[in-house]
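**Student:** The following block contains a protein sequence and its predicted model.
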Amino acid sequence: MLTDTEGIVLRQIKTSYNRRMILLFSKKFGKISAGTGIGEKGKGKSALALRPFTYGRYELFKNRESYNINSAEAIKSYYKIGEDVDKYMNGAYVLEFTEKVLSEGVPAPGIFNLLLDFFSVLENRDKGIGTLVLAYQTKVFKYAGVLPQLERCAVCGEKKEPYGFSIEEGGVLCRHCAQNIENSRGHALIYDVKFGIVDVLRYFTGHSLKNLENLALKEDAGKLLQTIVREYAAYYLDASDLKSEKLI
């Protein structure tokens, strides 16, 4: 069966006989693996569409067990990402993170459009790239159905001043619940909510990535929030041990 879809290349692996296996985030079918014999060299639209940070249209041959990319055409190339080492490394991390959180063969149009927005903002951003990555990941939590509770205590449900952030409980905690958990368990993944990180997370969830173009967190806030976001992603989405994580 022949079909087509828009998509974004997450990863590719060279195989035998000049073929490659493409891990494609397709708009129609979600994350799929597809073989192709299209050459990767050259400046043609087909070759460009099989490179990272390109939004393309793909003609697929689909049978019961596999896909093959018959032809490809670039719709939009975010080539500036590849011209800057910092942008490229952070972009590669986001692609690997996205691959981890997607389920095979399950469409995720919200994350698909979010990833395109990320490319667009990253391409033109000169500073605060780490802040943009954290905003993207926080929004992915929302689309994946695991957004942390930020408006009221995740344990008692009371709308009180946040005292801590708990990975295991899935959101902010009031002082009473945080202290009860720490006393009863001895050890728990509870973080201090200093540097206004709860307000930052709320801001991330309430604004589009394009509205965050000029936002850059201070170093202390960025490091704390990065730790929380990575622990949260590992706990709820099994998104851990990313190879590109050490490069950013």
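**Tutor:** That came in fine, so what should we check first?
**Student:** Low-confidence regions, this structure specifically.
**Tutor:** 40-45, 186-187 (pLDDT under 70).
**Student:** quick one, longest strand in it?
**Tutor:** The strand that spans the most residues within the chain, counting by DSSP state E, is strand 2-14.
**Student:** Please, where are all the helices along the protein?
**Tutor:** 45-48, 85-101, 109-123, 129-143, 175-185, 197-206, 219-237 (DSSP state H).
**Student:** Which elements pack onto the shortest one?
**Tutor:** Which is helix 45-48. If you count contacts as 3 or more Cβ pairs under 8 Å, 6 or more residues apart in numbering; DSSP states H and E, helix 45-48 packs onto strand 67-77. In short, each C-beta sits where N, CA and C put it, glycine included.
**Student:** The strand it packs on - which strands sit beside it in the sheet, and in what orientation?
**Tutor:** If you go by DSSP bridges, strand 67-77 pairs up with strand 30-36 (parallel), strand 54-62 (antiparallel).
**Student:** Give me the spatial nearest neighbour of the residue nearest the centre of the chain, chain neighbours excluded.
**Tutor:** Among the residues of the chain, the one closest to the centroid is residue 98, at 4.1 Å (Cα atoms, centre = their mean). Closest residue in space to residue 98, ignoring its immediate chain neighbours: residue 115 at 6.1 Å, by Cβ to Cβ, 6 or more residues apart in numbering.
**Student:** Then residue 125?
**Tutor:** Of all residues not flanking residue 125 in the chain, residue 132 sits nearest, at 6.2 Å (Cβ to Cβ, 6+ apart).
**Student:** just residue 177 next, same as before
**Tutor:** Spatial nearest neighbour of residue 177, chain neighbours left out: residue 155 (4.0 Å); criterion: Cβ to Cβ, 6+ apart.
**Student:** Ok, residue 221 next?
**Tutor:** Nearest one to residue 221, counting by Cβ to Cβ, 6+ apart, is residue 195 at 3.7 Å.
**Student:** Surely that neighbour touches residue 219?
**Tutor:** No. Using Cβ atoms under 8 Å as the test, residue 195 is too far from residue 219 to be in contact (9.9 Å).
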